[in-house]
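1. quick one: sequence plus predicted model below, questions after.
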Amino acid sequence: MQRKPGKPDGFLLAAVLFLVVFGLVVLYSMSAYNGQVRFHDAAFYFKKQLFAMVLGLAVMYGISSLDYHILLRFAVPAYLVSLVLSGAVLLFGDAYNGSRRWLSIGPLSFQPAEYAKPAVILLMAGVVSQMDRKKSGRLIGAVILMVLPIVGLVGTNNLSTAVIILGIAVIMIFISNPRYLPFLWILLMGTGFLGIFLSLEQYRLERLAIWRNPELYEKGYQTMQGLYAIGSGGLFGRGLGNSLQKLGFVPEAQNDMIFAVICEELGLFGALLLMLLFFLLLWRFMVIATHAPDLFGSLIAAGIMGHIAIQVILNIAVVTNTIPNTGITLPFISYGGTSVLFLLAEMGLALSVSRHCHYPGRG
């Protein structure tokens, strides 16, 4: 007999709401200069992000109120829609800054690649939870092949997001399968796949050279300015709103490089607090995954945990020049309406699973 759903996880909800508010405050600080210069409105980026946040919170509430088992029947259709949308980007997409990643519907535009992330999480959770565990080792390859079409479509114009999607799939399979040996050839296949995509475009190989010596290349300017911002923040920063690097030195400070300006304004102390908050968020996903009533719910929470972990780690690694620049946003913090909308939809999924969790001492 299925137990009656309880309340959503309060700790996770509080952490998400704190990140949302913190993200809006920081975004206004980082984007006011660019908004005033480009649009004669210091709150331009803030207002657009606020609209996406409010819409996303409504979506999060709606999804969290559902029984997540209902979504199992929509897993495959949702994935097929992501394939169609990602293919449409290649044919009809809008290009900004040399990248064709957006689809426009009237006055609204969105990135289908952001929708593909929760679609893949649902697909993987649905398919893996229905597999025969005794034969799961044989089916790992088949499941990976299911995800490769969306990885290939997204990777054509957005390699970093394709890597995130593939990483989510591998993490979810790894969690559901106790055997380690099959993942050796998956690692080899993923490395080969990444190598092929890097070699297809010259600018991707150029990024490796810029990463090694950013000071020698004109395109290394953003990386160098980001490092200057991090270094000038010291322990406690210049103070919220007092960044100098956001005044045109760090291009598009409100986007991928926002963590660098956070370090400048809030210092190492503020940056570590933000990283701690992300760590607590990931810990809560792990708790929900551990106490979920079934494998489907557990894999949903694990997939969301993998998504957030990969994206946070890659963004911070890029900003600190630990890895080549890949254009990955910081969840809940960087500017991007599509990103925050689907991130909050994922949080709704996690909260829905948490309502059915069997915590010790919970009736």
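-> Yes, it's here.

2. please enumerate the helices of the stretch 101-250 of the chain.
-> Taking DSSP state H, counting those that start in this stretch, the helices of the stretch 101-250 of the chain run over residues 112-130, 136-155, 159-176, 182-200, 202-212, 221-233.

3. out of the ones you listed, which is the most enclosed?
-> helix 112-130 (a mean of 24; mean count of other Cβ atoms under 10 Å). All C-beta spots, glycine's among them, are computed from the backbone N, C-alpha and C.

4. buried sites along the strand or helix carrying residue 14?
-> Per DSSP states H and E, residue 14 falls inside helix 10-39. Within helix 10-39, the residues scored as buried using 16 or more other Cβ atoms under 10 Å are 12-13, 15-16, 19-20, 22-24, 26-35.

5. contact partners for residue 120?
-> 79, 82, 147, 150, 165, 168-169, 303 (Cβ atoms under 8 Å, 6 or more residues apart in numbering).

6. if we can go back for a sec, what is the helix holding residue 14 packed up against?
-> With contacts taken as 3 or more Cβ pairs under 8 Å, 6 or more residues apart in numbering; DSSP states H and E, helix 10-39 sits against helix 44-64, helix 258-291, helix 337-354.

7. repeat that with 6 Å
-> Here helix 10-39 touches helix 44-64, helix 258-291, going by 3 or more Cβ pairs under 6 Å, 6 or more residues apart in numbering; DSSP states H and E.

8. sec struct for residue 41, please.
-> With DSSP: H, G, I helix; E, B strand; the rest coil as the basis, residue 41 sits in coil.

9. count the residues that sit near it.
-> If you count neighbours by other Cβ atoms under 10 Å, residue 41 ends up with 12.

10. quick check: it vs residue 262, distance?
-> 23 Å (Cβ to Cβ, to the nearest Å).

11. and what of residue 108?
-> 29 Å.

12. more crowded one of these two?
-> residue 262 (28 against 9).

13. list the contacts for that one?
-> residue 271 (Cβ atoms under 6 Å, 6 or more residues apart in numbering).

14. go with 7 Å
-> For residue 262, the contact set (Cβ atoms under 7 Å, 6 or more residues apart in numbering) comprises 26, 270-271, 274.

15. so, low pLDDT: which residues of the chain?
-> 1-4, 97-99, 106-107, 132-139, 178-187, 190, 193-205, 359-363 (pLDDT under 70).

16. element containing the most centrally placed residue in the chain?
-> Geometric centre of the chain, nearest residue: residue 311, 4.7 Å, by Cα atoms, centre = their mean. Assessed by DSSP H and E, residue 311 sits inside helix 295-319.

17. which residues touch the residue nearest to the centre of the chain?
-> 164, 328, 331.

18. what sits against the closest residue to residue 124 other than its chain neighbours?
-> Counting by Cβ to Cβ, 6 or more residues apart in numbering, residue 124 lies nearest to residue 172, which is 4.5 Å off, once chain neighbours are set aside. For residue 172, the contacting residues are 124-125, 128, 299, 302-303, 306, by Cβ under 7 Å, 6+ apart.

19. could you measure from residue 172 over to residue 244?
-> 43 Å.

20. and if you look at residue 52?
-> Residue 52 is 28 Å from residue 244, by Cβ to Cβ.

21. in terms of neighbours, single out the busier of those two.
-> Legend: neighbour count by other Cβ under 10 Å for residue 52 and residue 244, higher for residue 52 (20 against 15).

22. hang on, the more buried one packs against residue 341?
-> Yes - with contact defined as Cβ atoms under 7 Å, residue 52 and residue 341 form a contacting pair (5.3 Å).

23. for the residue nearest to residue 321 when sequence neighbours are not counted, list the residues it contacts.
-> Of all residues not flanking residue 321 in the chain, residue 223 sits nearest, at 5.4 Å (Cβ to Cβ, 6+ apart). If you count contacts by Cβ under 7 Å, 6+ apart, residue 223 has them with 214, 321, 325.

24. wait, doesn't the first one sit right on residue 222?
-> No - contact status for residue 214 versus residue 222: not in contact, 8.6 Å apart, counting by Cβ under 7 Å.

25. now for the closest residue to residue 268 other than its chain neighbours: which residues touch it?
-> With Cβ to Cβ, 6+ apart as the criterion, residue 268 has its nearest non-adjacent residue at 5.3 Å, and that residue is residue 235. By Cβ under 7 Å, 6+ apart, residue 235 lies in contact with 267-269.

26. got phi/psi on residue 235?
-> The phi/psi pair for residue 235 (degrees, to the nearest 10) reads phi -80, psi -40.

27. gap between it and residue 255?
-> Per Cβ to Cβ, residue 235 is found 26 Å from residue 255.

28. likewise for residue 131?
-> Counting by Cβ to Cβ - residue 131 and residue 255 are separated by 39 Å.

29. packing partners of the longest strand belonging to the chain?
-> Using DSSP state E, we find that the single longest strand of the chain is strand 99-105. When contacts are defined as 3 or more Cβ pairs under 7 Å, 6 or more residues apart in numbering; DSSP states H and E, strand 99-105 packs onto helix 75-92, strand 94-96, strand 108-110.
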